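Chemist: Sequence plus the predicted model coming up.
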Amino acid sequence: MDDQRRALVLGGGGITGIAWEIGVLTGLAQAGVDLTGADLVVGTSAGSVVGAQLTGGADLETLFARQLEPPTGEQAARMTRSALLRYGLAALRSRGDDVGFRRRIGALALATERAGLTPTEQERLDVIGSRLVSREWPDRDLRITAVDAESGEFRVLDRTSGVPLLQAVAASCAVPGVYPPVTIDGRRYVDGGMRSAANADLAGGSDRVVVLAPIPRGLGPMAGVDAQVTGMIARVAVVSPDDASRRAIGRNVLDPAARAGSARAGLAQAAGVAAEVTEAWQG
C-alpha cells in the first residue's frame with residue numbers, strides 16, 4: 001500500500017449488523033479488497049464488536065463461520081413499544097439539541113434498568129466478552145464510541161483512554177431500553193449510536209474511507225452517514241444493506257435467528273460493491 005491513511009468505519013445495527021458487516025468484509029476480501037489492514041478503525045455499537053475482533057487478530061473466514069452457527073441458547077431481544085414511543089418523544093423534544101436527546105435516551109436506559117427490564121450489567125459483559133478474541137486493546141488505532149447516560153456527553157474510547165476494551169465495547173453496544181448502561185470510571189454509558197449510527201466523521205483527516213453502515217439514516221438529531229461524509233477531503237465509499245440484505249436482516253436486528261442469513265446476504269452483496277470500494281480504497 002502507499003502512504004495514504006485509510007479508515008474503516010463500522011456502524012451500528014444489532015446482532016444482524018455484526019453478521020452483515022462480517023459478511024461484507026469477507027466477500028470484499030474474496031473479491032480482492034481487504035479492509036482489515038485499515039490504519040484507523042471506528043466502531044459504533046455492532047461495529048465496535050467487529051472492529052475489536054478485526055484489530056484483535058481474528059481472521060475473516062473464522063468470524064464468518066461463527067455467524068453461521070445455530071443460535072443455540074440465544075434469545076432474541078426486542079425494543080418494547082413503550083421504549084420506541086419514548087425514543088420518538090425524545091427526538092421530537094430535542095430538535096436541534098443532540099445532547100438533550102442523548103440525555104433523554106440515557107434517562108430511558110437508566111429507568112429501564114431500575115425497573116428490572118434488562119439483563120444485569122455483568123450478564124451483558126459476559127455476552128460481549130464471549131464475542132471478543134482478546135480483551136486487550138490492539139496496538140492499532142481502534143476508536144470505540146459511547147455516550148454518558150446522564151450528561152449526554154459523547155466519548156471516544158481508545159487504548160489511551162484507560163478504559164478496558166471489554167467495558168468500552170459493552171458500553172458501545174448498550175442499546176437504551178434493551179440492555180443496561182455500562183459502568184466506566186464511576187459513570188454509566190450507553191450505545192455510541194445515540195449520537196450517530198456510524199460516527200463516520202471520526203474518520204475525518206483520512207485519505208481513503210470506507211463506511212459499512214447497517215443503519216445509514218439518523219433519528220431526530222442523530223446524524224446520518226451521508227451528512228457526515230459530505231465534504232470529506234477523501235475518497236469515500238459507503239455501503240449499506242441492499243434489498244436482499246434488508247430482507248435477510250428483517251425487522252428485529254436483535255434476533256440471533258437472523259444472524260446467518262444476514263451474514264450470507266452481506267457476503268453476496270459484496271460482489272456488487274467491490275468495484276466502488278476498490279476505487280475508494282486502492283484506486
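Modeler: Right, received. Where do you want to start?
Chemist: which stretches of the stretch 51-200 of the chain form strands?
Modeler: 141-148, 154-157, 182-184, 187-191 (DSSP state E, counting those that start in this stretch).
Chemist: Mean neighbour count added to these, as JSON lines?
Modeler: Where C-beta positions appear, they are placed from N, C-alpha and C, glycine not excepted. Below are these laid out as JSON lines (neighbours: other Cβ atoms under 10 Å):
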{"stretch": "strand 141-148", "mean neighbour count": "26"}
{"stretch": "strand 154-157", "mean neighbour count": "20"}
{"stretch": "strand 182-184", "mean neighbour count": "20"}
{"stretch": "strand 187-191", "mean neighbour count": "25"}
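Chemist: Distance from stretch 114-124 to the middle of the chain?
Modeler: Put simply, stretch 114-124 sits 21 Å off its chain's centre (Cα atoms, centre = their mean, to the nearest Å).
Chemist: Endpoint to endpoint, it covers what distance?
Modeler: Length of stretch 114-124, first residue to last, Cα to Cα, to the nearest Å: 15 Å.
Chemist: buried ones in it?
Modeler: Judged by neighbour count using 16 or more other Cβ atoms under 10 Å, the buried positions of stretch 114-124 are 118, 121, 124.
Chemist: who's in contact with the second one?
Modeler: Taking Cβ atoms under 8 Å, 6 or more residues apart in numbering as the criterion, residue 121 is in contact with 180-183.
Chemist: again with residue 152
Modeler: Contacts of residue 152 were listed using Cβ under 8 Å, 6+ apart, and they are 98-103, 106.
Chemist: of all the residues you listed, which comes closest to residue 218?
Modeler: Distances from residue 218 to these, taken as Cβ to Cβ, are shortest for residue 98 (9.6 Å).
Chemist: how deep is the residue lying closest to the closest one once chain neighbours are set aside tucked in, by neighbour count?
Modeler: In this structure, residue 98 finds its nearest non-sequential neighbour in residue 221, 4.0 Å apart by Cβ to Cβ, 6 or more residues apart in numbering. Neighbour count of residue 221, defined by other Cβ atoms under 10 Å: 19.
Chemist: likewise residue 30?
Modeler: Neighbour tally, residue 30, other Cβ under 10 Å: 16.
Chemist: and what of the one 3 residues further on?
Modeler: Other residues near residue 33 number 22, with proximity taken as other Cβ under 10 Å.
Chemist: how far away is it from residue 53?
Modeler: Noted for residue 33: a distance of 19 Å to residue 53, by Cβ to Cβ, to the nearest Å.
Chemist: Same question for residue 279.
Modeler: For residue 279, the distance to residue 53 - Cβ to Cβ - is 26 Å.
Chemist: neighbour-wise, which of these two wins?
Modeler: Set side by side, residue 279 and residue 53 show more neighbours around residue 53, with 26 against 13, by other Cβ under 10 Å.
Chemist: The more buried one and residue 25, how far apart?
Modeler: 10 Å.
Chemist: Check residue 18 too.
Modeler: The spacing between residue 18 and residue 25, counted by Cβ to Cβ, is 11 Å.
Chemist: Can you check which residues contact both of the two?
Modeler: With Cβ under 8 Å, 6+ apart, residue 18 and residue 25 have common neighbours residue 50.
Chemist: Need the contact partners of stretch 82-94.
Modeler: Contacts of stretch 82-94 (Cβ under 8 Å, 6+ apart): 79, 100-101, 104-105, 108, 112, 176-178, 219-221.
Chemist: Just the buried ones among those residues, please.
Modeler: Listed as buried from those are 79, 101, 104-105, 108, 112, 176-178, 219-221; burial here means 16+ other Cβ under 10 Å.
Chemist: Save these as JSON lines, and put in pLDDT too.
Modeler: Shown next, in JSON lines, are the buried ones among the contacts of stretch 82-94 (pLDDT from 0 to 100):
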{"residue": "79", "pLDDT": "77"}
{"residue": "101", "pLDDT": "91"}
{"residue": "104", "pLDDT": "91"}
{"residue": "105", "pLDDT": "92"}
{"residue": "108", "pLDDT": "93"}
{"residue": "112", "pLDDT": "93"}
{"residue": "176", "pLDDT": "95"}
{"residue": "177", "pLDDT": "93"}
{"residue": "178", "pLDDT": "94"}
{"residue": "219", "pLDDT": "75"}
{"residue": "220", "pLDDT": "75"}
{"residue": "221", "pLDDT": "81"}
